[in-house]
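Novice: pasting the sequence and the predicted model now:
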Amino acid sequence: MNAPSTLVERRRRRNFEDNVNAYFDHAAKFCSYAPGLLDQIKTCNSVYSFSFPVRHPDGAIEVVHAWRAEHSHHKLPTKGGIRFSPQVDESEVKALAALMTYKCALVDVPFGGAKGAVQIDPSRYTADQLERITRRYTHELDRKSFIGPGIDVPAPDYGTGEREMSWIADTYGQLHTGELEALACVTGKAVSEGGIHGRREATGRGLMYALAEACRSADDMRALGLSAGLEGKRLVVQGLGNVGYHTAKFCREQGAIIVALAEREGAIHNPKGLNEEEVFSYRKRTGSILGFPGATDILDSREALELECDVLVPAALESVLTAENAPRVKAKIVLEGANGPTTPEADEVFRTKGMLVIPDVYANAGGVTVSYFEWLKNLSHVRLGRLDRRRQAATELRMLQAIETATGRKFSTTERESFVKVTDELAIVNSGLEDTMIVAYQEIRDTLRREPKMGDLRTAAFVLAINKVAVVYEELGIFP
Ligand code: NAD
């Protein structure tokens, strides 16, 4: 049973929607579309708001509130995560749905933007209750045609994961017996339930690719007083959930140093580096990250955002970087893992300070990119690579043998193994994800290079996204 969100919280959430629209309006100044078309792009097309009862183990009944917002139907299906959070409200869902439209456009994923939410704190419910809430939520969406492989396809977000997505797939399947494409009604499912290898960690892996691509430019890094490359970069990560954990993991594996991790209960700091896996296990065992061996405790978690580091990764909540704390942020790069972590006022401070902000609308698009691959897999009913990976490996082997015959030199076993590979689904997914993140970054960077007055990557990203959606709306015309 949740306490209603306070007025301050509600105001903060409403600001999130205003913030997304403010970023849009600022970018729109660099576009030459008619105001009506810009309005058509910016407006949220439909919101389904509903409530339903949940029974507690003691027999008490509680009514919970839920939403699904479909921001843009310029491409179908619409796509976006489902959030379980006690603070969520309609405005937040609309803000997140709008971000999804721009995000999908940026990474060329052919979906419109959507988002869903149930206003609950999942930690206060049993697994059985969560299952019933998730199934009822799915049923409500189905009743109003807000879910379906070609209509609207949810995915995990804050407070939800593979378990909830598998429940959604099963519920939809029960309601649509015999529908061949039913599994494609939701992504982020467990692999055994039609999910795809690499989806769980895709957002964090995508964030690593985004950061690596930004750090590859020696010129851009020199402007920040940093050396090129991810190696040795000191990271502070806020949120040790799906996005934060995997971002820390993949960046550390590429040579970055995780100097601090922040969670609800506080933060821990160790300039020599933390291992996210050890911290995660420690938190699971003790219930807190505080007291982690070798690290210094920071009782007020928010202070971690102001620690000395190269890269700050907010990967928990929106509006955590504000006009109030932005001047004290020491990072040179902000890599936005969460949606909407930076308010426009904080963004302005970062721009003035010459920092590099890698914006959410691009940086955390790895999740929806791999969701797209999962959707394709579900529609085609075949694991990626299954049909031709052996044939491809055989072709590579024949080529190698031809080179050996022509040169008279035999390749070593190591060389042979590095050339001839039977590619599994995970390798295909990661390669598609890496390519998507690199191509999108370069498109955004080039847009900014062509028009430096835009001032930052976020504005360039929004301009690109607006252009991509505008073209579709112009070509489609208006029904009827
Ligand atoms: P999650 O529920 O797995 O993890 C969120 C973590 O943040 C939890 O560990 C929670 O304890 C922690 N947290 C909550 N309040 C905090 C605070 N005040 N300080 C520090 N930590 C706090 O959620 P997630 O899926 O990792 O999502 C995190 C953010 O990333 C959200 O903004 C979400 O919209 C965004 N995102 C998620 C995905 C995805 O694929 N899951 C994709 C794109 C964007």
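Specialist: That came through fine.

Novice: who in the stretch 101-250 of the chain is up against the ligand?
Specialist: Residues of the stretch 101-250 of the chain lying close to the ligand by Cβ under 6 Å from any ligand atom are Pro156, Asp157, Tyr158, Gly159, Thr203, Gln238, Gly239, Leu240, Gly241, Asn242, Val243, Gly244. In short, each C-beta sits where N, CA and C put it, glycine included.

Novice: mind listing what the residue in the stretch 1-150 of the chain positioned nearest to the ligand touches?
Specialist: Proximity of the stretch 1-150 of the chain to the ligand (Cβ to the nearest ligand atom) peaks at Gly81, 6.1 Å away. The contact partners of Gly81, taken as Cβ atoms under 8 Å, 6 or more residues apart in numbering, are Leu96, Lys115, Gly116, Pro154, Ala155, Pro156, Asp157, Tyr158, Thr160, Gly188, Gly367.

Novice: for it, name its beta-bridge partners.
Specialist: Ala155 (DSSP bridges).

Novice: let me know whether Ala440 touches Ala365 as I believe.
Specialist: Yes. Counting by Cβ atoms under 8 Å, Ala440 touches Ala365, with 7.0 Å between them.

Novice: in the stretch 101-250 of the chain, which spans are strands?
Specialist: Remark: strands assigned in the stretch 101-250 of the chain by DSSP state E, counting those that start in this stretch are 112-118, 152-156, 234-238.

Novice: do the stretch 301-450 of the chain as well
Specialist: 311-314, 333-335, 356-358.

Novice: let's have these in a markdown table, adding distance to Arg458, mean pLDDT and mean neighbour count.
Specialist: A markdown table is the format used below for these (distance: least, Cβ to Cβ, whole Å; pLDDT from 0 to 100; neighbours: other Cβ atoms under 10 Å):
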| stretch | distance to Arg458 | mean pLDDT | mean neighbour count |
| --- | --- | --- | --- |
| strand 311-314 | 14 | 98 | 29 |
| strand 333-335 | 10 | 98 | 26 |
| strand 356-358 | 6 | 98 | 23 |
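
Novice: need these in a markdown table (columns: distance to the ligand).
Specialist: Below are the strands of the stretch 301-450 of the chain laid out as a markdown table (distance: least, Cβ to the nearest ligand atom, whole Å):
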| stretch | distance to the ligand |
| --- | --- |
| strand 311-314 | 8 |
| strand 333-335 | 12 |
| strand 356-358 | 13 |
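
Novice: could you dump these into JSON lines with distance to Pro344 added?
Specialist: Below are the strands of the stretch 301-450 of the chain laid out as JSON lines (distance: least, Cβ to Cβ, whole Å):
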{"stretch": "strand 311-314", "distance to Pro344": "15"}
{"stretch": "strand 333-335", "distance to Pro344": "14"}
{"stretch": "strand 356-358", "distance to Pro344": "11"}
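
Novice: OK, now which residue of the stretch 51-200 of the chain is nearest to the ligand?
Specialist: Nearest residue of the stretch 51-200 of the chain to the ligand, counting by Cβ to the nearest ligand atom: Tyr158, 4.1 Å away.
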